[in-house]
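> next comes the sequence, and after it the predicted model I'd like to discuss.
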Amino acid sequence: MSKLRFFWEQSWLLLVSSLIFGVLLAMADAALAPRIKRNETEKFTRLAGGMLPEAVRFEPVEPKIAVTASNGKTVEVEVYRGLDEQGRTAGWAFACEGGGFSDKIKLVVGVDGRFEKLAGFGVLSSNETPGFGDKITIPGGFFQKQFVGAPADKLTLVKAGRPEQIDAEIVAITGATVTSQAVVDILNTYVLAIRSALKEQGLLN
């Protein structure tokens, strides 16, 4: 009993403080969650619209498409059809994610109307290494530009090559091979699965 009493006398303040801060963090998370979700939705729309400028509106495809992620878990992806002023399909857009070098990487991917060529990708969130891995976030940077017009098929990462040549080979960012590979892996996982599902639904010719 004396040991227990000594423990309580020495640690009660820490235990109570941990409980209080835990409750405060949970309350803050609950209060900020809607705003965070709204900001992410606005960023998705802005990035998707930039990749698919002919699309005047985006409509969700029903039902959501199940994709088996690299960790083996099945995730449901909300795919959006971008429609032009005449109501024709101008392209497709969806959010996807996967593990990077430092943390999870969340992307917005755009694909042309026939789902044959990528319209590019934008970064929803990333905590990759400043000066190296964070180069994936640069709009119009050499890494992102390689995906605009690349085939909506399996991509391969190479350490050296011609980044200005648009094809299925993606040249890695020097010093950030892991991050570069993560982006390629995310696209390979989601693009192929979503294209297959859209074909099964009769949404692609």
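Looks like it arrived, so ask away. Residues are numbered from 1 along each chain as shown.
> when you work out contacts or count neighbours from here on, use the C-alpha atoms and nothing else.
OK.
> where does this protein dip in pLDDT?
The chain contains residues with pLDDT under 70 at 1-17, 21-24, 26-37, 40.
> tell me which stretches of it form strands.
57-60, 65-68, 74-77, 79-83, 89-99, 104-112, 118-125, 156-158, 169-171 (DSSP state E).
> got those strands as TSV, with mean neighbour count columns?
Putting those into TSV (neighbours: other Cα atoms under 10 Å) gives the following:
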stretch	mean neighbour count
strand 57-60	16
strand 65-68	17
strand 74-77	14
strand 79-83	22
strand 89-99	23
strand 104-112	23
strand 118-125	23
strand 156-158	17
strand 169-171	24
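> what about those, which gets the closest to residue 144?
strand 118-125 (6.8 Å; Cα to Cα).
> save the strands of the chain as CSV, and put in distance to residue 138 too.
CSV is the format used below for the strands of the chain (distance: least, Cα to Cα, whole Å):
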stretch, distance to residue 138
strand 57-60, 24
strand 65-68, 27
strand 74-77, 25
strand 79-83, 24
strand 89-99, 18
strand 104-112, 13
strand 118-125, 9
strand 156-158, 18
strand 169-171, 15
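> tell me which of these sits nearest to residue 146.
That would be strand 169-171 among the strands of the chain, by Cα to Cα, at 6.5 Å.
> before we move on, back to that, residue 45: which of the strands of the chain is closest?
strand 57-60 (8.3 Å).
> strands paired with the closest one, and their directions?
strand 79-83 (antiparallel) (DSSP bridges).
> let's see the partner strand as PDB, backbone CA atoms only.
What follows is strand 79-83, C-alpha atoms only, in PDB (Å, rounded to 0.1, in the frame of the first residue of the first chain):
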ATOM      1  CA  VAL A  79     -14.800   9.000 -58.300                       C
ATOM      2  CA  TYR A  80     -16.100  12.100 -60.000                       C
ATOM      3  CA  ARG A  81     -17.000  12.500 -63.600                       C
ATOM      4  CA  GLY A  82     -16.200  15.900 -65.000                       C
ATOM      5  CA  LEU A  83     -18.800  17.200 -67.400                       C
END
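> okay, the angle between that strand and strand 104-112?
Angle, strand 79-83 to strand 104-112, by axes from the mean of the first three to the mean of the last three Cα atoms, to 10 degrees: 40 degrees.
> of all the strands of the chain, which lies closest to residue 204?
Of the strands of the chain, nearest to residue 204 by Cα to Cα is strand 89-99, at 10.0 Å.
> off-centre distance for the closest one?
Offset of strand 89-99 from its chain centre (Cα atoms, centre = their mean, to the nearest Å): 8 Å.
> before we move on, what about stretch 105-113?
Worked out by Cα atoms, centre = their mean, stretch 105-113 lies 8 Å from the chain centre.
> when you give positions from now on, start the count at 384
Sure, I'll start counting at 384 from here, so that last one is stretch 488-496.
> how about residues contacting it?
Identification of contacts with stretch 488-496 by Cα atoms under 8 Å, 6 or more residues apart in numbering yields 427, 430-431, 434-435, 472-482, 500-510, 535, 566, 570.
> now stretch 540-550
Under Cα under 8 Å, 6+ apart, the answer for stretch 540-550 is 525-526, 528-534, 552-557, 560, 563-564, 567.
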